[in-house]
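# pasted the sequence and its predicted model underneath.
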Amino acid sequence: MRVEACCQALLEHLLPDLDPHRQGVCFDVGVGTFAFYCELFAQLGFATVAVEPSPTDKLRSLCQQYPIRLLEQCLSDRVGTQTLHMGQFANLANSNFSSLAADWFGASTITRLVPTLDLATLLKQVAAARITAFKLDIEGWEPVVIQQFAALLAEQLPQMVMFEYGGGSSRNQGEKGWSPKFLTGTMDCLQTLQQLGYDFSIMVDYAAGTQPKVFDLQTLDLAQEAPFYPNGVYGNILCFYQQQFSAARIQSICAPYGGGLANWVVSKLVS
């Protein structure tokens, strides 16, 4: 499944329904070096903020072109500085794997101090009274940020939260991004969003032969079940706040990127 292309297509079609008058801000936290969600948000006409400690020349150019507000920081749970462990993949430096978590599978022993800010400071700094989309890809640090949503008022909650999970192995192997610590963190993200009232959700996984999965987060007993495929590798989960979309529409959007919906979820879907 082409994860990022599929997710970008979903957002391109669904965000205008969430906020037709473009009243909210869209955040791209952990931009990386490709799949620039901030560019998509800006092209859709949303006020856009990119949070990335190591911006590429391409990202800087995009931020000037649209414009997109660029914050060269890491989003965390504290205001100050923290140690960023620079990314490494296949023995090569790769900033897409950089993490504030020293034990993240893609983190190397090469480090640098980076400025950090917490969620409350970020929202105050950009004067975001309303959030349309909040995309989060920060290599194992997602639960540190998502738990801070619990301090927001209902009207401040993002209408859509997208976060990355897994990576480095498969769920069956239970290593790297699927190790007990990081899988627990992913489940904590889902639990926090469930408690806050997020319901309609879409999971898009990279694993061969998998299809996008739609589920109602409110109906999951997270102590007993998880939405992941046994052979899941990595992917994104999109959780919507009090919004519903039809099965046919989601299937139509996702079809060009690897197929239709997993069959078992159609019966659970609210049309």
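Structure's in. What do you need?

# next one: stretch 128-148 to chain centre, how far?
Averaging C-alpha positions (C-alpha atoms, centre = their mean, to the nearest Å) puts stretch 128-148 7 Å from its chain's average.

# okay, buried residues for it please.
For stretch 128-148, burial by neighbour count (16 or more other C-beta atoms under 10 Å) applies to 128, 131-148. Every C-beta, even on glycine, is put in place using the N, C-alpha and C of the backbone.

# can you flag which of those belong to strands?
Taking DSSP state E as the definition of strands, these contribute Ile131, Thr132, Ala133, Phe134, Lys135, Leu136.

# now flag whichever of the residues you listed is closest to Met86.
Distances from Met86 to those, taken as C-beta to C-beta, are shortest for Leu136 (19.7 Å).

# can you tell me the closest non-neighbouring residue to the closest one?
Of all residues not flanking Leu136 in the chain, Phe163 sits nearest, at 4.3 Å (C-beta to C-beta, 6 or more residues apart in numbering).

# got the ones in strands among the buried residues of stretch 128-148 as JSON lines, with distance to Ser76 columns?
Converted to JSON lines, these look like this (distance: C-beta to C-beta, whole Å):
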{"residue": "Ile131", "distance to Ser76": "18"}
{"residue": "Thr132", "distance to Ser76": "23"}
{"residue": "Ala133", "distance to Ser76": "20"}
{"residue": "Phe134", "distance to Ser76": "15"}
{"residue": "Lys135", "distance to Ser76": "17"}
{"residue": "Leu136", "distance to Ser76": "12"}
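
# quick check: the farthest pair among the residues you listed?
The most widely separated members of these, counting by C-beta to C-beta, are Thr132 and Leu136 (14.2 Å).

# how about the residue nearest the centre of the chain, secondary structure?
The residue lying closest to the centre of the chain (C-alpha atoms, centre = their mean) is Phe163, at 2.2 Å. When classified by DSSP: H, G, I helix; E, B strand; the rest coil, Phe163 comes out as strand.

# hmm, it is touching Asn236, no?
Yes - contact criterion C-beta atoms under 8 Å: Phe163 and Asn236 qualify, at 6.8 Å.

# which neighbours do those two share?
Residues touching both Phe163 and Asn236 by C-beta atoms under 8 Å, 6 or more residues apart in numbering: Asp137.

# what's stretch 50-65 in contact with?
Applying C-beta under 8 Å, 6+ apart, the external contacts of stretch 50-65 come out as 27-33, 36, 38-39, 42, 68-75, 84, 95, 98, 114-115, 122.

# at 7 Å what do you get?
By C-beta atoms under 7 Å, 6 or more residues apart in numbering, the surrounding residues in contact with stretch 50-65 are 27-31, 33, 36, 38-39, 68-75, 84, 95, 98, 114.

# now, those residues that are in strands?
Mapping the contacts of stretch 50-65 onto strands (DSSP E) picks out Phe27, Asp28, Val29, Arg69, Leu70, Leu71, Cys74, Leu75, Leu84, Val114.

# contacts only, for Glu164.
Contacts for Glu164 (C-beta under 7 Å, 6+ apart) come out as Asp137, Glu142, Tyr234, Asn236.

# kindly apply the preceding question to Ser98 instead.
With contact taken as C-beta under 7 Å, 6+ apart, Ser98 is in contact with Ser54, Leu84, His85, Met86, Gly87, Ala107, Glu139.

# alright, that wraps it up for me.
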